[in-house]
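Q: generate coordinates for the sequence data below:
(chains A and B, ligands or ions: 2)
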Amino acid sequence: MERESISVTVNGRTYERAVEPRRLLSDFLRDDLRLTGTHVGCEHGVCGSCTVMMDGVTARSCLTFAVMADGAEIETIEGLGSADAMHPVQQAFWEKHGLQCGFCTPGMLMTAVELLKRNPDPSVDDIRDAISGNLCRCTGYQTIVDSIRHAAKLMREDGA
Amino acid sequence: MYVGQAIRRREDDRFLLGRGSYVEDITLDDPIAHAAFVRSPHAHAAVTRVDAARAAAMPGVLAVLTGEDWTRAGNGEAEGVWPVKDMSGADARTVNRPFICVDGTVRCVGEIVAMVVAEDRHQAQDAAEAIEVDYEEKPANTLTARALDADTPLVHPAHGTNEVLVTEHGLKEETEAALAKAHHVTEVVVPTNRVTAASIEPRCYMGHHDTVNDRYTVWTTNQAPHIVRRYFTKSLNIPEHKLRVIAPDVGGGFGMKLYHYPEEALVLWGAIVSGRPVRWVGTRSECLLGDTHARDHHTVGRMGFDAEGRILGVKFETLGAFGAYESQWNASITNAYHFTMLSLAYDIPAIHTTVRAVYTNATPVDAYRGAGRPETVYQVERLIENGAHEMGIDPLELRARNLIPPEKFPYQTAIGITYDSGDPPALVEKARALANYDALRAEQAALRAEGQWMGIGICAFFDMAGAGPVKMMNDLGAKIGCYDVASVRVHPDGRITVFAGSHSHGQGHETTWSQIAADRLGCNIEHIDLVEGDTDRVPMGIGTWGSRSLSTAGMAVYTAADRVVAKSKRMAAHMLECAPEDLDLADGEFTVKGTDRKLSFAAVANASYHSGDRPPDLEIGLEETSFFDPADCTYPSAVHLCVVLVDPETCAVTLRDYWAVDDVGTVINPMVLEGQVHGGLAQGIGQALMEECAYDPESGQYLAGTFMDYAVPHAEDVPSFGLDSHFTRALGNPLGAKGAGESGTIGAPACVCNGVIDALWHLGVRQVTQPMTPKKIWRAIEDAQRAQQ
Ligand code: FES
Ligand code: FES
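A: Ligands and ions are numbered 1, 2, ... in the order given. Coordinates of the predicted model:
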């Protein structure tokens, strides 16, 4: 199949690659760039594990072709924080036990980051609504909700 | 002390930073080829032709393999870990799940007919689509309730019946007599819906054959790698010492990732044939179809009460689904975990049950979080709920009258199992207080007067967890020893590696096992690392399932650590010139009691490996292993209470409140415990209200092939949970721990369904089967109103 050249910035680094038009962004990130923190749980846009940030808004990388990301800025879980400097959302998930097996976690974190950008003080209902496109089979969601509320608090304190 | 503290999880860093290492993430030096499968589109068919010629010539294809190749290669048959065993001694009609169709007949949708190995996934999938298969369709039945009807097609005609076997348990005559003399008898048909674990990580396997050293490696999304290794001796005839099974980070298992699945055997076979490492990762559709399904019991129950609402006896007739074949652990449900717990938390003098295991043209059924006990609790509790309403006794009050009183423990149930410890009345009182039960009943009455439908759901139960002991589980049918193993290796610098035969796929063992070890060893938790999930590194293991890991593997950690302490004290006593009994070990230091003479643990560890000056009969080194066989199962118990609102317009159910009071014995980490309970509750709520592995009853086609069709609960479908606990000590292990993994899934289906029935009782509704969808509720109300006219 014909390949197309694309230029994608992922976590601040620009990659030039030739990809098949049918190559999914999730496969591009995981297999071509070896950024395996983005997970694929359903490959049809329902579970949310593959959620990444594309030009500042969340996108399902399993429903996005890599060629559609040409020229875009992508942020994945690997770019969110580091062991020494975790993002407040990561810190909060750790403190409030917002994860068990960790498989849904990257997508949950990206979704939470987007929510908190939009709404720095979300209610429980706001949070449940915002993560309604992300499935978690382990936690029962309550600790995830607690984590996101806690992250909001940490970020407000940070900003203050 | 670390035990009892809500220590934050030590494994979380890598998950939060996107650095987890799941099977699909692993790279190798050799390029990894991919497998794709041709699966039966029919529920029952003869396979009359498989033509792979075109596929074999396609770009990137490395191998195309069929059932004929499997047989020619001399590969073997699956074997039950917990095979069906007829208590009467008669032969069970066992037909194990095939790895690939070898006998020219497919018996459920999704059964594997052929495999392609190719350079990349797309090439493999394209080639799989190019394999031509001709089928001759045969009549099929996917419904468990119909399996034994006279006109139902046979899944395995050679057996002349769809019945796998019949087992009876309990007191038959006493139960009949109790029902005959009862003041009131309640009868309900209580089927449990077919569901599946639906871990968010799909199943994924990778196989590799190292021809230079003649060694094999399998990376697997599995909960019990040593058990997988054992069954590769049957599938591919690979001796255990030649095979390394690695279960790295695994994205949820819930029992479903316990088995030696067809795809797991096939990828290693593909690797052997193609000479390349081969990986397969399931699509969501393949997983919803090919992951084992669960529950699917069709049961009729009768319960007899005296005039005060005391239960005199209960009798069940169950058809227990096997699906098209016997899956590896299936009989642990029908033959062990289901019937044993029928007394729940109640003092019931007579219980009798007949379970007929049956074949249908559907995906094989096996254990999923709770395995048999969600069915049990649902069956008994639905009868209690209806009985209470029929007799006009408050449902919580009727239950309270029947609870096993604390002074009766250890309590032998009428079904034969003995609960070691518990205090059901205390659990009920705590739940009553937590929920403010009397106020809820008042609110219910007030809302009903306004035309609003509110219901209160209740259930109270015991769980059987912590398998073994080895002998008891063997007697119940297990072909594996249900113990577990840990090694505690102290390195010369005093740092510690713990190797455990359990497997954490969300449970947080890196934290909890370290808490146990650090307390026993008197050391800093940061000085401990845990290794699990690798048969080359961990001496042996039975894996994580059935809420067993804490009371088996956790106890093995505890025991091995104590042995390390005993040995290191002898060395330290030698160095400090005192008796071992005179030493205390805490904060990484040995202290001679009553003095200020100290020696660091690290110095003793170093001397244990490198000093010639030691007691003459003390062996060099500081490492101990425990194979821990518990003295008894554990019996966690719980009471659940919930409030549901049913919308009179749409019949949609809102679960407003949910409370659970658990007795799990000793708690290692309350934060982890809470997470386990929450997660189980959400899954149980899914079973009650939303989830169903549905088949079209006419064509046998599978209707739940995506997450759009199979409804896993979303954040908006579950409430915030209110939890409390009550402690009684488990007697079968020195930690006193009972296990906590399954309470949620076991209780929630019964509790939520009872809540819905309680909300609709005044409308004449007596039963709505799971999942209680708005459509079913609407129909039940319509039927009830029509019947009343
Ligand atoms: S993998 Fe993209 S939404 Fe599920
Ligand atoms: S933590 Fe396992 S799926 Fe969410």
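
Q: so the residue of the stretch 651-789 of chain B found nearest ligand 2, which state does it fall into?
A: In the stretch 651-789 of chain B, the residue that lies nearest ligand 2 is B:Gly679 (8.0 Å; Cβ to the nearest ligand atom). C-beta coordinates here come from the backbone N, C-alpha and C atoms, glycine included. Using DSSP: H, G, I helix; E, B strand; the rest coil, the structure places B:Gly679 in helix.

Q: and the stretch 501-650 of chain B, which of its residues are near ligand 2?
A: Residues of the stretch 501-650 of chain B lying close to ligand 2 (Cβ under 6 Å from any ligand atom) are B:Gly506.

Q: list the contacts for the nearest residue in space to B:Asn330 that is not next to it in sequence?
A: Nearest non-adjacent residue to B:Asn330, counting by Cβ to Cβ, 6 or more residues apart in numbering or on different chains: B:Asp366, 5.1 Å away. Applying Cβ atoms under 8 Å, 6 or more residues apart in numbering or on different chains to B:Asp366 gives the contacts B:255-256, B:258-259, B:292-294, B:327-330, B:333.

Q: neighbour-wise, give me the winner out of those.
A: Ranked by neighbour count under the definition other Cβ atoms under 10 Å in any protein chain shown, the contacts of B:Asp366 are headed by B:Ala294 with 32 neighbours.

Q: who's in contact with the nearest residue to that one once chain neighbours are set aside?
A: Spatial nearest neighbour of B:Ala294, excluding adjacent residues (Cβ to Cβ, 6+ apart): B:Tyr368 at 3.4 Å. For B:Tyr368, the contact set (Cβ under 8 Å, 6+ apart) comprises B:195-197, B:254-256, B:292-295, B:745.

Q: distance of the residue most central in space within chain A from B:Val712?
A: In chain A, the centroid-proximal residue (Cα atoms, centre = their mean) is A:Met110; its distance is 3.1 Å. As judged by Cβ to Cβ, to the nearest Å, A:Met110 and B:Val712 stand 20 Å apart.

Q: all strands of the stretch 651-789 of chain B, in order?
A: Remark: strands assigned in the stretch 651-789 of chain B by DSSP state E, counting those that start in this stretch are B:653-663, B:721-725.

Q: adjacent strands (with direction) for the last one?
A: The one in question is strand B:721-725. strand B:653-663 (parallel) (DSSP bridges).

Q: in the strand it pairs with, which residues are buried?
A: Neighbour-count burial for strand B:653-663, counted by 16 or more other Cβ atoms under 10 Å in any protein chain shown, picks out B:653, B:655, B:657-663.

Q: likewise stretch B:279-291?
A: Of all the residues in stretch B:279-291, those buried under the rule 16+ other Cβ under 10 Å are B:279-291.

Q: what is the end-to-end distance of that stretch?
A: End-to-end span of stretch B:279-291 (Cα to Cα, to the nearest Å): 17 Å.

Q: cool, and stretch A:126-145?
A: Stretch A:126-145: ends 10 Å apart by Cα to Cα.

Q: that stretch near ligand 2 at all?
A: Yes. For stretch A:126-145, a contact with ligand 2 is found by Cβ under 6 Å from any ligand atom, at A:136-139.

Q: closest to B:Thr353 out of the residues you listed?
A: Distance to B:Thr353, by Cβ to Cβ, is smallest for A:Arg137 among the residues of stretch A:126-145 next to ligand 2, at 31.0 Å.

Q: how many residues are close by whichever residue of the stretch 651-789 of chain B sits closest to ligand 1?
A: Distance from ligand 1 to each residue of the stretch 651-789 of chain B (Cβ to the nearest ligand atom) is smallest for B:Phe707, at 7.4 Å. By other Cβ under 10 Å, the residues close to B:Phe707 number 21.

Q: what does A:His44 give?
A: For A:His44, the count of nearby residues is 16 (other Cβ under 10 Å).

Q: ok, the residue in the stretch 151-300 of chain B positioned nearest to chain A to B:Glu24 distance?
A: Residue nearest to chain A within the stretch 151-300 of chain B: B:Gly251 (3.0 Å; Cβ to the nearest Cβ). For B:Gly251, the distance to B:Glu24 equals 9 Å [Cβ to Cβ].

Q: of those two, who's got more company?
A: Shown here are B:Gly251 and B:Glu24; by other Cβ under 10 Å, B:Gly251 has more neighbours (30 against 22).

Q: got a pLDDT number for the more buried one?
A: pLDDT, B:Gly251: 98.

Q: how about the contacts made by B:Gly494?
A: Neighbours of B:Gly494 in contact, by Cβ under 8 Å, 6+ apart: B:523, B:527, B:588, B:600-606.

Q: er, B:Pro410 actually
A: B:418-421, B:731.

Q: what of B:Tyr702?
A: Residues in contact with B:Tyr702, defined by Cβ under 8 Å, 6+ apart, are B:109-110, B:288-289, B:363, B:693-696.

Q: longest single helix anywhere in chain A?
A: Of all the elements of type helix in chain A, the one with the most residues (DSSP state H) is helix A:142-159.

Q: and the contacts of that helix?
A: With Cβ under 8 Å, 6+ apart, helix A:142-159 has contacts from A:88-89, A:91-93, A:95-99, A:108, A:112, A:115-116, A:120-122, A:124, A:127-128, A:130-131, A:136, B:674-675, B:678, B:715, B:718, B:720-721.

Q: and that helix with strand B:721-725, angle?
A: Helix A:142-159 and strand B:721-725 meet at an angle of 110 degrees, taking axes from the mean of the first three to the mean of the last three Cα atoms, to 10 degrees as the criterion.

Q: quick one: buried residues of helix A:142-159?
A: Residues of helix A:142-159 classed as buried under the neighbour-count rule (16+ other Cβ under 10 Å) are A:142-152, A:154-155.

Q: list the contacts of stretch B:27-37.
A: Here stretch B:27-37 has contacts from A:34, B:62, B:112-121, B:123-125, B:127-128, B:206, B:208, B:263, B:266-267, B:270-271, B:274, B:276-280, B:286, using Cβ under 8 Å, 6+ apart.

Q: list the buried residues for that stretch?
A: Within stretch B:27-37, the residues that count as buried by 16+ other Cβ under 10 Å are B:32-37.

Q: over to stretch B:497-511?
A: Judged by neighbour count (16+ other Cβ under 10 Å), stretch B:497-511 contains these buried residues: B:498-511.

Q: picking that back up, list buried residues within the contacts of helix A:142-159.
A: Buried among the contacts of helix A:142-159 by 16+ other Cβ under 10 Å: A:88-89, A:91-93, A:95-99, A:108, A:112, A:115-116, A:122, A:127-128, A:130-131, A:136, B:674-675, B:678, B:715, B:718, B:721.

Q: residues touching residue 23, list them.
A: No chain in the question, so chain A it is. Counting by Cβ under 8 Å, 6+ apart, A:Arg23 has contacts A:32, A:65-67.

Q: I was after chain B.
A: B:204-206, B:219-221, B:248, B:250, B:279, B:281.

Q: who touches B:Glu317 in this structure?
A: So B:Glu317 contacts B:299-301, B:353-354, B:356 (Cβ under 8 Å, 6+ apart).

Q: and the strands in chain A?
A: Ranges of strands in chain A, per DSSP state E, are A:4-10, A:13-19, A:51-54, A:57-60, A:73-75.
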